[in-house]
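Chemist: A predicted structure for the sequence below; I have some questions about it.
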There are 2 protein chains.
Amino acid sequence: MVTGGNQIHKTAPRGNARARRGDLFTPACPTRKLLDRLGGKWTSMLVKVLGDAGTEVRFAELQRRAPGISRKMLAQTLRDLEADGLVTRRVEPTVPPAVHYALTPLGTTLVGPLDTLRDWAETHMGTIDDHRQRLVRSPA
Amino acid sequence: MVTGGNQIHKTAPRGNARARRGDLFTPACPTRKLLDRLGGKWTSMLVKVLGDAGTEVRFAELQRRAPGISRKMLAQTLRDLEADGLVTRRVEPTVPPAVHYALTPLGTTLVGPLDTLRDWAETHMGTIDDHRQRLVRSPA
DNA sequence: CTGGATCCACACCGATACTG
DNA sequence: CAGTATCGGTGTGGATCCAG
């Protein structure tokens, strides 16, 4: 994965967003691009946190609710999500500033599919881990 | 859910086994681990190809149906999927050998959730691309 | 409080050559 | 046919310091 995920994001050229005529092999597959974003280490967690909140959440509060994230990655991931139109950013011009983030309607539509993935993961990842463990202990 | 957050998977040192003092992160969020795998550049495509086939598919045929993949990445991804218990590998001891791959029942259960993601992607990724394009053309 | 800038370790993946 | 071995480029993400 994540691919380092995946990708057009990891290895493919970035400048040319659109597939050009010669590119038979859909380098711009929507699913591939979506997985590239979700494959980011913090993207899905932030979508979930914002979705659960249902309202605006401030920067520091997001950092609290996403344990382990650094300020750099929090800012970077939020900027990406904002550029995607999945998250809104609202700055209160106070001193010091207060910045509020929330899911856009589009971002909200992503919560369901993510829940589907989470359900599958919570149901089956244990089985997968066990399977890998068996390979370690009894290699063919 | 994604709240497990960090995981010694992508960046953390693997050789020096001991976590350092600050690391008190929850062991491993299943959703995070699933996305790490799906984030791989070819994983989801191979699952889809094998799912669509419904039967065993040979190595070379997989390479044909996953345009652009190299033999190295095909072999590596298939080995990972096999280790996860998502894919079976069957070798016919002929000369030259013929190797057949197929989804396990567990692997088949992953097809649905992936379809859900693909539906979302095909519906909304265009909107996301447009949103990013607007940022490029009309910067602040 | 909310970031940006920089440095760097490491993991992913492509290209190529070799093997049984 | 179906892999493995190796090299190297590139991107991701953590740590740390600086700034409005």
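Modeler: All right, it came through fine. Numbers count the residues shown, from 1 in each chain, chains lettered A, B, ... in the order given.
Chemist: alpha carbons only for contacts and neighbour counts from here, please
Modeler: Fine.
Chemist: and the gap between residue A:93 and chain B?
Modeler: Taking C-alpha to the nearest C-alpha, to the nearest Å as the criterion, residue A:93 is separated from chain B by 18 Å.
Chemist: what do you get for residue A:34?
Modeler: Look at residue A:34 and chain B: by C-alpha to the nearest C-alpha, they are 6 Å apart.
Chemist: settle this for me: that residue is touching residue B:121, isn't it.
Modeler: Yes: taking contacts as C-alpha atoms under 8 Å, residue A:34 lies within contact range of residue B:121: 6.2 Å.
Chemist: got any ranges where chain A has weak pLDDT?
Modeler: Regions of chain A meeting the criterion pLDDT under 70 cover residues A:1-27, A:137-140.
Chemist: which parts of chain A belong to which domain?
Modeler: In the domain annotation for chain A, the residue ranges read A:1-38, A:41-137 (automatic domain parsing).
Chemist: can you list the ones you listed in JSON lines and add distance to residue B:54 and mean neighbour count?
Modeler: Formatted as JSON lines, the entries for those read as follows, by distance: least, C-alpha to C-alpha, whole Å; neighbours: other C-alpha atoms under 10 Å in any protein chain shown:
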{"stretch": "domain A:1-38", "distance to residue B:54": "21", "mean neighbour count": "17"}
{"stretch": "domain A:41-137", "distance to residue B:54": "20", "mean neighbour count": "17"}
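Chemist: just so I know, which of those lies nearest residue B:132?
Modeler: Taking C-alpha to C-alpha as the measure, the domains of chain A were each checked against residue B:132, and domain A:41-137 came out nearest at 5.6 Å.
Chemist: tell me how far that closest one is from the chain's mean position?
Modeler: A distance of 6 Å separates the C-alpha centroid of domain A:41-137 from that of its chain, computed with C-alpha atoms, centre = their mean, to the nearest Å.
Chemist: ok, and the closest non-adjacent residue to the residue nearest the centre of chain A?
Modeler: Nearest residue to the geometric centre of chain A (C-alpha atoms, centre = their mean): residue A:43, 2.4 Å. On the basis of C-alpha to C-alpha, 6 or more residues apart in numbering or on different chains, the spatially nearest residue to residue A:43 that is not a chain neighbour turns out to be residue A:77, at 6.3 Å.
Chemist: quickly check: the helix or strand encompassing the one you found near DNA strand C or not.
Modeler: Element membership for residue A:77, per DSSP states H and E: helix A:71-84. Yes: Helix A:71-84 lies within reach of DNA strand C by C-alpha under 7 Å from any atom of the strand, at A:71-72, A:75-76.
Chemist: before we move on, back to that, the residue nearest to the centre of chain A is in contact with residue A:34, isn't it?
Modeler: No: in this structure, residue A:43 is not within contact of residue A:34 by C-alpha under 8 Å, at 11.0 Å.
Chemist: what about the helices in chain A?
Modeler: Secondary structure of chain A (DSSP state H): helices located at A:30-38, A:43-53, A:59-65, A:71-84, A:105-109, A:111-137.
Chemist: ok, which of the ones you listed comes nearest residue A:93?
Modeler: Between residue A:93 and the helices of chain A, the shortest separation by C-alpha to C-alpha is 14.4 Å, and it involves helix A:59-65.
Chemist: need the residues that contact the closest one.
Modeler: Contacts of helix A:59-65 from elsewhere in the structure, counted by C-alpha atoms under 8 Å, 6 or more residues apart in numbering or on different chains, are A:46, A:49, A:69-71, A:74, A:98-101.
Chemist: how does it look with 10 Å?
Modeler: A:45-46, A:49-50, A:56-58, A:66, A:69-71, A:73-75, A:78, A:89, A:98-101, B:3, B:5 (C-alpha atoms under 10 Å, 6 or more residues apart in numbering or on different chains).
Chemist: what about it, near DNA strand D?
Modeler: No: Helix A:59-65 is not in contact with DNA strand D by C-alpha under 7 Å from any atom of the strand; minimum separation 11.6 Å.
Chemist: picking that back up, and the contacts of helix A:59-65 near DNA strand D, which?
Modeler: The subset of the contacts of helix A:59-65 lying close to DNA strand D, counting by C-alpha under 7 Å from any atom of the strand, consists of A:69-71, A:73.
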